[in-house]
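Asks: Here you go, sequence then predicted model.
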Amino acid sequence: MKKQWRLVSLVSLLSLLLGGCGKEFQSTLIPQGEAAKMQYDLLILSSVIMVFVVAVVSVIFFYVIVRFRQKKGQEHVIPKQVEGSHKLEIIWTVIPILLLLILAVPTVTYTFKLADVSAAEKAKLDKDTVVIDVTARLYWWEFAYKTDKVVTSQELVIPTGKKVYLNLKGADIKHAFWVPSLAGKIDTNTENTNKMWIQADKAGTYNGFCTEFCGPSHALMQFKVKALEESEYKAWIAAMEKQDGKETADTAQAQQGEEIFQQSCVGCHAVAGNDSRPAAARIAPSLANFGDRDLVAGIADQTDENIKNWLKDPESMKPGNKMTGKYGNLTDQEIDALTVYLKSLKVTQ
Amino acid sequence: MSSVAKKKSVLWDYLTTVDHKKIAILYLVAGGLFFVAGGIEALFIRFQLAVPNNDFLVGDAYNQVLTMHGTTMIFLAAMPLIFAFLNAVVPLQIGARDVAFPYINALGFWLFFFGGVFLNCSWFLGGAPDAGWTSYASLTLASQTHGVDFYILGLQISGIGTLIGGINFLVTIINMRAPGMTYMRMPMFTWTAFVVSALILFAFPPLTVGLALLMLDRLFGTAFFDPALGGNTIIWEHLFWIFGHPEVYILVLPAFGIFSEVFATFSKKRLFGYSSMVFATVLIGFLGFMVWAHHMFTVGMGPIANAIFAVATMAIAVPTGIKIFNWLFTMWGGNIRFTTAMLYAVAFIPSFVMGGVTGVQLASAPADYQFHDSYFVVAHFHYVIVGGVVFGLFAGAHYYWPLMFNRILDETLGKITFWLFFIGFHLTFFIQHFLGLFGMPRRYFTYLPGQGLETGNLISSVGAAFMALATIVLLVNVVKTAVSGKAAGRDPWDARTLEWAVEAPTPEYNFKQLPFVRGLDPLWIEKMEGRKEMTPAEPVGDIHMPNSSFLPFTTSLGLFIAAFGAMYMEGGKETEWLIVAFIGLAITFGSMLLRSVIDDHGYHIHKEDLDGDDKGVTA
Amino acid sequence: MQAEERLTLETLPADPEKATLEGKNKFLGFWLFLGGETVLFASLFGTYLALKNSTNGGPTTQELFELPIVFAATMLLLTSSLTSVYAMYHMKNLKFKQMQLWLIVTVLLGAAFLGLEIYEFHHYVTHFKHTIKSSAFGSAFYTLVGTHGAHVAFGLLWISALILRNAKRGLTLYNAPKYYVASLYWHFIDVVWVFIFTVVYLMGMVG
């Protein structure tokens, strides 16, 4: 592993020339956790080997095309017809095999390390093990905390500094879960549950994406991962367990919004943090902590304007979504009230 | 029993031809048109992605363009263009008068053509397929329009065409080589054609089955991919990639073959390490079937399967590396002429090596969890397919144009095309590696500002414009050459293999007398001994020719009609469309029956009529 | 001699199906085609094995299959393969009438097989409500066995067409390869059935 770091600078330099390494909240080149770091190590190791290969080929290549190009007056020269060279052919068979072996060993090791979710498969989970059921739907994400009876959506909140185990499934069609700066992706199949773990070293918000082509709003099926320090995480869980979405509405407008919500929205959306409905009944994102979230509909910044646009015409913001046409027309005034109410759904100050 | 070859209109001639040289031109024209269509779709994609939050092509509209770009380029552009060169070159290269099954060869073309036309009809009939060229089952079943049905039935029809085309070339190469043309004297392009035909034979049936299951699920209510009834969508992924991975080699191996010919000819040297090249080709073809699951590392197959497929995939790099070095050493010590064809071949080496090394990186399963379905993969396969296959097709076009049309494409325009395309290609795709690593997923119709993706996407879109420009120059070149090109004559490149030993333009019977092959590069051997022509292996005699036939066209047309019937059987119009489907099938099976019961013995060209005048006469 | 001339004992080559280049090509090409068909059936078998327990609450393989009828079908098809061998044997000895006769027997046996299969499917649908739509197992079962059945039906039409078309003109170098590849096809169908019998029925009955 030491050797690779010597050439890291070289590779980094190349990437720097091309506009940095991306953003630390979504680039695989700035890994923020153990899984992403292991994958980054493999990327660097393979890049070093490959840069070596490209260098060798390039040297021969440029020598050949410069040295042996036809010169004036040599149009009729016939070069020696060489059949081949066993020595050379053996060299360029054996050396690539050796190079590949260097790559194959850590590849296999890391494959097994990354697949190790045994801590989450114990009959009785350790008290501090965090296991979360991730469900992907057209076009949003649900995160149900296994040990804490908390259900949230669109923003995965995790504690820093430890492995968080995910059980992933697609509820309608196949999607895939990717948080580039924390871990590589895994598919959310419709016929089985996949497992993986992620881990964040430090607190922060990281971008997540759906990476399995899933229809018109595939590109808009983004989400966030918020990593909190252990104590803050515990506080968040506690607050979510308490959240019932009721006392939050303290102004008249917010109360009107709550009424509208109870008429038009509650059939699909939950506002309680401990949504107790069975998984199959949770057909729309929980809004228990909507006011805390960075994004509306997983794609637009949370501003009043965006919330209102979304409520007014979801289709224009996210084609093919399942909310369009599920509720009657709302007046501007009703939308304003609903917006105030939704923004009041918070569990952090 | 025989017929007099009458004067026919050009159109009727091409509709009924069973001559591999004319079928080659049909493939070239049809493939070229689809290539332009796929290219325009690519431009739309890059236009949409040039800036963040663009609204030029949103949601499903983008998905249709994206799906059709991939599907068109793979199935309707690259495949037929490769078949164009197989048809134009292979029979001549092995010293054969014809292919083994001229009728089936024509049928293969028309099936491909009608399948492709059917697929593109979707644009005008309610929307194109929108589930990606891979059409993963759960998304496919959820797709609302008939687009995906167009995909399923169109590919099914053209796939059958490809399959029988592959069988034709296998038998041609095994049974119809000229005297003295042993397997280890076959030119590299013929070898790749041979291996590719075998790959087609074994890779297309899984696609046929996959498409059939998808069709049954979508049109007839079965439950293969419906988890609610016990179905499993992963089956589609396996079937698709058991076909899909060999397909990559089906595309790239013939390009390797073309490059091998071009390197040898324009270095004036025999191919370095010929036997190891043959060995590497066969090995790549074989390993190509062992690695399909590396497209599925993130499916959750478990660490054991992932590790096995990772290592197996890395192994393919070895024979590919052998080939790269053999090409470099073919040039080493040579007398290199930089014609346009050679420029493409030379540029291919670094471009393809780039695609190859990222392929090895992708093979490393844990790293692939990051690369998979990101722009890194998009960059990788475009480096392989454009840097390998498209460069190969362009090289082939410039190299074999004199053989196919007896004209040399304009070299100046050719070189302009080359440089524009070369620069545009790297501009478009190199940066995409980094876009992927920066966290840009594949098949996204847009991206948000502030995620570090703006510059890269803009550069990529500018590059696409260069490639478009290059294609326009190429088309101008084709027209200019057709209008004012001079006759190329025989062997214009001072080449080495048998296809250049035939007269120009190539007579319909190819060789008046079958040539006698005395080694690898048979024409070169004769030329080195001061002869201008091949030594004949037989005296001049009557030549047996196949009759042309309209039945391949009608057989394919029938399936084209039947596909519409099968697709629209719904919504209270079942009977009407069922009748349409039956009419279509009746046309197809009727044509097959006619072919079966009407004896077709072909006709003979008398030896007295061979010199100069090659019109067919009664036998 | 010309390929379309009627063969006599004097002109009969050892392998009339491979005596011309066209015949040789047809012979090899058909073998290769059967290679592709093998992969096709392998894909269907794979799909079936993956889905055979996905009965969605419907009947399982143990409940569904009955040995006698399947065994009878197997015997019919195996015998038809044998009779097609007889036909090819007579072709090589230029006994055209006997060849045609044995092919007619082959067709009859094949038709009987197909009849049994249709009866079997009908039985499953009416008595067990086991249809191609009822479960993934149903889809996979009917598709695999039905694809084989469709091959049988096509073979019957093909061989019948050959028998009728050539009834009056005897054996030639032009039609000998046609007869031969049709018999190859028939053997192939038989081999596929042996696999279906084993993998679908026998393994299905023991669970």
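Replies: On my side now, so go ahead.
Asks: Going by length in residues, pull out the top helix of chain C.
Replies: Ranked by number of residues, the top helix in chain C under DSSP state H is helix C:96-128.
Asks: hmm, it touching chain B?
Replies: No. Helix C:96-128 lies apart from chain B when judged by Cβ under 8 Å from any Cβ of the partner chain; the minimum separation is 14.0 Å. Glycine gets a C-beta too; all of them are placed from N, C-alpha and C.
Asks: Burial check on residue 188, number of neighbours?
Replies: Looking at chain A here, since you left the chain open. For A:Thr188, the number of neighbouring residues by other Cβ atoms under 10 Å in any protein chain shown comes to 28.
Asks: you looked at the wrong chain, it should be chain B
Replies: B:Met188 is flanked by 25 other residues according to other Cβ under 10 Å.
Asks: Need the per-residue pLDDT for it.
Replies: For B:Met188, the pLDDT comes out at 97.
Asks: gap between it and B:Thr265?
Replies: Applying Cβ to Cβ, to the nearest Å, one obtains 11 Å for the distance of B:Met188 from B:Thr265.
Asks: pLDDT on the strand or helix carrying B:Ala581, on average?
Replies: Element membership for B:Ala581 (DSSP states H and E) is helix B:574-597. Here the mean pLDDT over helix B:574-597 is 94, rounded to a whole number.
Asks: And the next helix or strand past that helix?
Replies: With elements assigned by DSSP H and E, the helix or strand that comes after helix B:574-597 is strand B:603-605.
Asks: Next, the buried residues of that following strand.
Replies: Using 16 or more other Cβ atoms under 10 Å in any protein chain shown as the test for burial, strand B:603-605 gives B:Tyr603, B:His604, B:Ile605.
Asks: now the strands for chain C?
Replies: Taking DSSP state E as the test, none of chain C falls into strands.
Asks: Give me the below-cutoff pLDDT ranges for the stretch 351-500 of chain B.
Replies: By pLDDT under 70, the stretch 351-500 of chain B has no low-scoring segment.
Asks: Next: the stretch 101-250 of chain A.
Replies: A:247-249.
Asks: Need the three-state assignment for the closest residue to chain B within it.
Replies: With Cβ to the nearest Cβ as the measure, A:Gly184 is the residue of the stretch 101-250 of chain A nearest to chain B, at 2.3 Å. Look at A:Gly184: counting by DSSP: H, G, I helix; E, B strand; the rest coil, its state is strand.
Asks: so it touches A:Ala176, yeah?
Replies: No. With contact defined as Cβ atoms under 8 Å, A:Gly184 does not count as touching A:Ala176 (10.2 Å).
Asks: Which of those two has more residues huddled nearby?
Replies: Per other Cβ under 10 Å, whichever of A:Gly184 and A:Ala176 has more neighbours is A:Gly184, with 28 against 25.
Asks: list the buried ones in the one helix or strand A:Gly257 maps to?
Replies: For A:Gly257, the host element (DSSP H and E) is helix A:252-260. Residues of helix A:252-260 classed as buried by neighbour count (16+ other Cβ under 10 Å): A:Gln253, A:Ala254, A:Gln256, A:Gly257, A:Glu258, A:Ile260.
Asks: Determine the number of other residues adjacent to residue 44.
Replies: Going with chain A. 19.
Asks: wait, chain C
Replies: C:Leu44 sits with 25 neighbouring residues when counted by other Cβ under 10 Å.
Asks: For it, which non-adjacent residue is spatially closest?
Replies: Nearest non-adjacent residue to C:Leu44, counting by Cβ to Cβ, 6 or more residues apart in numbering or on different chains: C:Leu144, 4.6 Å away.
Asks: So for that neighbour, what's the pLDDT?
Replies: The per-residue pLDDT reported for C:Leu144 equals 97.
Asks: Same question for A:Gly19.
Replies: At A:Gly19, the predicted lDDT confidence score is 54.
Asks: show me the contacts for the residue of the stretch 101-250 of chain A found nearest chain C.
Replies: Per Cβ to the nearest Cβ, the residue of the stretch 101-250 of chain A with the smallest distance to chain C is A:Glu191, at 9.5 Å. For A:Glu191, the contacting residues are B:Pro227, B:Gly231, B:Asn232, B:Thr233, B:Ile234, taking Cβ atoms under 8 Å, 6 or more residues apart in numbering or on different chains as the criterion.
Asks: Over to B:Glu247?
Replies: Taking Cβ under 8 Å, 6+ apart as the criterion, B:Glu247 is in contact with B:Ile74, B:Ala203.
Asks: A helix includes it, no?
Replies: Yes. The assignment for B:Glu247 by three-state DSSP puts it in a helix.
Asks: ranges for the helices of chain A?
Replies: If DSSP H is used as the criterion, the helices of chain A fall at A:2-17, A:34-67, A:86-114, A:230-242, A:252-260, A:304-312, A:314-317, A:332-344.
Asks: Could you pull up the mean pLDDT of the shortest one?
Replies: It stands for helix A:314-317. The average pLDDT for helix A:314-317 rounds to 93.
Asks: Can you pull out the low-pLDDT segments for chain C?
Replies: Regions of chain C meeting the criterion pLDDT under 70 cover residues C:1, C:207.
Asks: re earlier: the helix holding A:Gly257 vs helix A:304-312, what angle?
Replies: Between helix A:252-260 and helix A:304-312, the angle formed by their directions is 20 degrees, by axes from the mean of the first three to the mean of the last three Cα atoms, to 10 degrees.
Asks: Show me what helix A:252-260 is packed up against.
Replies: Using 3 or more Cβ pairs under 8 Å, 6 or more residues apart in numbering or on different chains; DSSP states H and E as the contact test, the elements touching helix A:252-260 are helix A:332-344.
Asks: buried stuff in the helix it packs on?
Replies: If you call a residue buried by 16+ other Cβ under 10 Å, then helix A:332-344 has these buried ones: A:Glu334, A:Ile335, A:Asp336, A:Ala337, A:Leu338, A:Thr339, A:Val340, A:Tyr341, A:Leu342, A:Lys343, A:Ser344.
Asks: Determine how far it lies from the middle of the whole chain.
Replies: Between the centre of helix A:332-344 and the centre of its host chain there is 30 Å, according to Cα atoms, centre = their mean, to the nearest Å.
Asks: B:Gly584 contacts B:Met567, correct?
Replies: No. Using Cβ under 8 Å, B:Gly584 and B:Met567 do not qualify as a contacting pair, with a distance of 11.1 Å.
Asks: how far away is the residue lying farthest from the centre of chain A from B:Asn335?
Replies: In chain A, counting by Cα atoms, centre = their mean, A:Gly73 sits farthest out from the average C-alpha position, at 62.1 Å. The span separating A:Gly73 from B:Asn335 equals 11 Å under the rule Cβ to Cβ.
Asks: Pull up the gap between B:Ala501 and B:Pro254, please.
Replies: Here the distance between B:Ala501 and B:Pro254 works out to 21 Å (Cβ to Cβ).
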